[in-house]
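Chemist: Can you look at this prediction? I've put the sequence above it.
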Protein chains: 2
Amino acid sequence: MLEPTRSAGVKDVAARAGVSLGTVSNVLNRPDRVSAATRLRVEHAMAELGFVRNESARQLRAGRSSTIAYVMLDATNPFFTDVAQGIEDAAAPHDLSLYLCNSDNRPERELAYLTRLEQQRVQGVLVTPVDPADPSLDALASRGTPLVLVDRVREGVTRCSVAVDDVLGGRLAVEHLLDRGHERIAFVGGPASVGQVRDRLAGARSAADPLVIVTAALTVAEGRGAGERLNGMPSRTRPTAAFCANDLLALGLLQQSVSSGVRVPDDLAIVGYDDIDFAGAAAVPLTSVRQPRRELGRTAAELLVDEATNPAHEHRQVIFTPELVARTSTGRRR
Amino acid sequence: MLEPTRSAGVKDVAARAGVSLGTVSNVLNRPDRVSAATRLRVEHAMAELGFVRNESARQLRAGRSSTIAYVMLDATNPFFTDVAQGIEDAAAPHDLSLYLCNSDNRPERELAYLTRLEQQRVQGVLVTPVDPADPSLDALASRGTPLVLVDRVREGVTRCSVAVDDVLGGRLAVEHLLDRGHERIAFVGGPASVGQVRDRLAGARSAADPLVIVTAALTVAEGRGAGERLNGMPSRTRPTAAFCANDLLALGLLQQSVSSGVRVPDDLAIVGYDDIDFAGAAAVPLTSVRQPRRELGRTAAELLVDEATNPAHEHRQVIFTPELVARTSTGRRR
DNA sequence: ACCTCCGGTTGAAAGGTTTCAACTTCCGGA
DNA sequence: TCCGGAAGTTGAAACCTTTCAACCGGAGGT
């Protein structure tokens, strides 16, 4: 009861219950092979001593843990937390715990987490990397840790990944604006080092020839900054519509526009990307390109589990199809 | 190079480098005590074999790990991810990795994570619990795992916690509305089992006598539902202002109001709580009660580190002061 | 020539759990 | 009465790393 001398181990429990060490282990792992009386005695001893299984020792023996991890790019972006929910959905039935790690867009933190996780011998790692071509990822995978890329693909390497067709998404967005009668269209996004940004822009360009406004990051603040630049243009050349590389930018742009007297959608139509919950909840509900976020996470986790448990596993690249959700921010045909 | 027979250990490295096992360990942990030549040879052997330290064995020997964890209530609520950022800020300089766990408001998942973390012998746990009075928390702490409550307090138990004065926050919100000339004020929030909701309502009541509209959760969707009820009332009795228990509710209410033709702030003034980034970015920027989220996380992590490392640690309950941020959604004095 | 000290290195022990082959009891059947 | 077998229990070995006392050979001091 009051012996915090330092946590009791199976040995102590065994002594207290008057059984051997192996029996305690059996109570823990194969309760059916132990007689009811003995089991009770052991369980009682555990309670008395406040026994807590030592996971390190357990793992050391077993060789691997029963956790997986998701190294996410930006924990404050609702897109990624929704993906994480999907992962958890799929992991739970397999009795896997999910640890979330936030790399916060910093390569060195991403690497630190991956290293730590590998040393921990986790069952597998899901990651939305800063740079999908980072050789550390290949190294990790080649040393035997199952690894699935989320919302990214890696050209030329056989590996599991789930992603959404961003080129198509970009095209859908701009076609929608063309359909609404817009001719001068802006693309807001950056930096170009982000694959998503490049793909969405490529999609946009496949439908029109947008004015590109480069941002330094995909954040609300950067969206406001882009708004200042955009709305500061002379009205004769100013675009009448903007397609933003994600919803955070779009919300920033929206707010800057409204607060500087630009009417949305009449003076400026806006399309976002991701369709996060806040997009629909904005006071001018945002038209956005929806990605099946939760499904993305779920599928990624399933691929990971398969890779970790099925010897006949084959790598797969799953590509989901995005979908345009039209709301007020793009109004009706001009 | 090509021996994925199953990861190499220090023993293999030692053999390959022609040194003893202890020397390899020295290279790993006290490189200065090893001659340069030997060190190089060992490092080379490690690279060749793709040696990865086994954290389980390491921990088993050391007795404890160098990770901490934050069990958060709702990973999709930006408030908590901002808190998490603050935690990470404070943890990084101590060389602690932070694992995020999402209980998603479910007590059984919270317990599962806490159990797992304790078995893992983490350095300590930060938690925003579903129920601060849950005895599992006390049990965990009494068995020796440092534990800090985040954004919650536990009456009557000496334990570290950081929180914000929610009663004061509630009062500030309603006083602001009174100041703007409102007389019929609604409080939107629920369920009452959430301490925050109770405290904020208590604060509201200390300044006025609000009509209470109970919600089932603190989400955008529930906010919309509350909007339907509120805006469906006959205009003679309908409140002219609403104070929502958090920003998600407020955004939901805002959107429902705008889309059903209720003007904000002229027909309905709205105050939220938390001041998440999206509050200011809404097209009708939301007046909100700001909590020092990042600071909250930082302080919590510092308390945890102190508890884990300082034998003379004394438990502290830190209470931060909230601050009202007035924006368009409450307009100007009527 | 001897002793001491020191940088460098060694090998055994410890840490807590799981596994598994071996052992003990006890019961029913022959 | 003896035997076979099932049910329950045991204890040693293995998992991999870290620590630490002991060891070795050589340089410097006396």
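Modeler: That came through fine.
Chemist: I figured residue A:118 hits residue A:142, correct?
Modeler: No. Residue A:118 is not in contact with residue A:142 according to Cβ atoms under 8 Å; the separation is 11.4 Å. Where you see a C-beta, it was placed from the backbone N, CA and C, and this is true even at glycine.
Chemist: which one of those two has more residues nearby?
Modeler: Counting neighbours by other Cβ atoms under 10 Å in any protein chain shown for residue A:118 and for residue A:142 shows that residue A:118 has the greater number, 21 against 13.
Chemist: what does the helix or strand that contains that one rub up against?
Modeler: Using DSSP states H and E, residue A:118 sits within helix A:107-119. Outside helix A:107-119, the residues that touch it by Cβ atoms under 8 Å, 6 or more residues apart in numbering or on different chains are A:69, A:71, A:101-103, A:125, A:127, A:129-131, A:134, A:136-137, A:140, A:143, A:145, B:52-55, B:58, B:67, B:97.
Chemist: Helices - which of those residues land there?
Modeler: Using DSSP state H, the members of those that fall in helices are A:136, A:137, A:140, B:55, B:58.
Chemist: Adding distance to residue B:30, pLDDT and neighbour count, write these out as a markdown table.
Modeler: Formatted as a markdown table, the ones in helices among the contacts of helix A:107-119 follow (distance: Cβ to Cβ, whole Å; pLDDT from 0 to 100; neighbours: other Cβ atoms under 10 Å in any protein chain shown):
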| residue | distance to residue B:30 | pLDDT | neighbour count |
| --- | --- | --- | --- |
| A:136 | 26 | 96 | 15 |
| A:137 | 31 | 97 | 23 |
| A:140 | 27 | 95 | 21 |
| B:55 | 18 | 96 | 24 |
| B:58 | 14 | 95 | 17 |
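Chemist: Farthest-apart pair in those, please.
Modeler: Comparing all pairs in the ones in helices among the contacts of helix A:107-119 by Cβ to Cβ, the longest separation belongs to A:137 and B:58, at 23.8 Å.
Chemist: shaky segments in chain A?
Modeler: Residues of chain A meeting the criterion pLDDT under 70: A:1-6, A:283, A:334.
Chemist: and it, which residues reach DNA strand C?
Modeler: Counting by Cβ under 7 Å from any atom of the strand, chain A comes close to DNA strand C at A:6-7, A:9-11, A:21-22, A:24-26, A:28-29, A:51, A:53-54, A:57-58, A:60-62.
Chemist: so which of those also contact chain B?
Modeler: Applying Cβ under 8 Å from any Cβ of the partner chain, the subset of the residues of chain A next to DNA strand C adjacent to chain B comprises A:7, A:53, A:54, A:57, A:58, A:60.
Chemist: Intersect those with the contacts of DNA strand D.
Modeler: Restricting those to those near DNA strand D - Cβ under 7 Å from any atom of the strand - leaves A:57, A:60.
Chemist: Near the nearest residue to residue A:69 once chain neighbours are set aside, how many other residues are there?
Modeler: Of all residues not flanking residue A:69 in the chain, residue A:99 sits nearest, at 4.4 Å (Cβ to Cβ, 6 or more residues apart in numbering or on different chains). As a burial measure, residue A:99 scores 26 neighbours (other Cβ under 10 Å).
Chemist: How about residue A:44?
Modeler: Around residue A:44 there are 13 residues (other Cβ under 10 Å).
Chemist: From residue A:252, how far out is it?
Modeler: From residue A:44 across to residue A:252, the span is 60 Å (Cβ to Cβ, to the nearest Å).
Chemist: Then residue A:163?
Modeler: For residue A:163, the distance to residue A:252 - Cβ to Cβ - is 25 Å.
Chemist: and what of residue A:41?
Modeler: 64 Å.
Chemist: re earlier: kindly supply the ChimeraX command isolating those of the residues of chain A next to DNA strand C that are buried.
Modeler: Buried members of the residues of chain A next to DNA strand C, defined by 16 or more other Cβ atoms under 10 Å in any protein chain shown, are picked up in ChimeraX with:
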select /A:7,9,10,24,26,28,51,53,54,57,58,60
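Chemist: Restricted to helices, list the residues of chain A next to DNA strand C.
Modeler: Short answer: the residues of chain A next to DNA strand C in helices (DSSP H) are A:10-11, A:21-22, A:24-26, A:28-29, A:57-58, A:60-62.
Chemist: Nearest to residue B:182 among the residues you listed?
Modeler: Of these, the one sitting nearest to residue B:182 (Cβ to Cβ) turns out to be residue A:58, at 59.8 Å.
Chemist: circling back: which one of the ones next to chain B among the residues of chain A next to DNA strand C sits closest to DNA strand D?
Modeler: Set against DNA strand D, the nearest of these by Cβ to the nearest atom of the strand is residue A:60 (4.1 Å).
Chemist: which residues are contacting stretch A:199-212?
Modeler: Against stretch A:199-212 from outside (Cβ under 8 Å, 6+ apart): A:166-175, A:177-178, A:184-187, A:189, A:239, A:243, A:245, A:273.
Chemist: should've said stretch A:90-99
Modeler: Outside stretch A:90-99, the residues touching it (Cβ under 8 Å, 6+ apart) are A:66-70, A:84, A:87-88, A:122-123, A:297-302, A:305, B:69, B:99-102, B:112-113, B:116.
Chemist: Please go through chain A and pick out the longest helix.
Modeler: Longest helix in chain A, counting by DSSP H: helix A:293-309.
Chemist: Show me what whichever residue of the stretch 151-300 of chain A sits closest to DNA strand C is bridged to.
Modeler: At 27.7 Å from DNA strand C, residue A:160 is the closest residue in the stretch 151-300 of chain A, using Cβ to the nearest atom of the strand. With DSSP bridges as the criterion, residue A:160 is bridged to residue A:148.
Chemist: And for residue A:164?
Modeler: With DSSP bridges as the rule, residue A:164 is bridged to residue A:320.
Chemist: Could you measure from the spatially closest residue to residue A:294 that is not a sequence neighbour over to residue A:304?
Modeler: Excluding the flanking residues, the one nearest residue A:294 by Cβ to Cβ, 6+ apart is residue A:86, at 3.8 Å. Distance of residue A:86 to residue A:304, given as Cβ to Cβ: 12 Å.
Chemist: what's the answer for residue A:221, then?
Modeler: Residue A:221 sits at a distance of 34 Å from residue A:304 (criterion: Cβ to Cβ).
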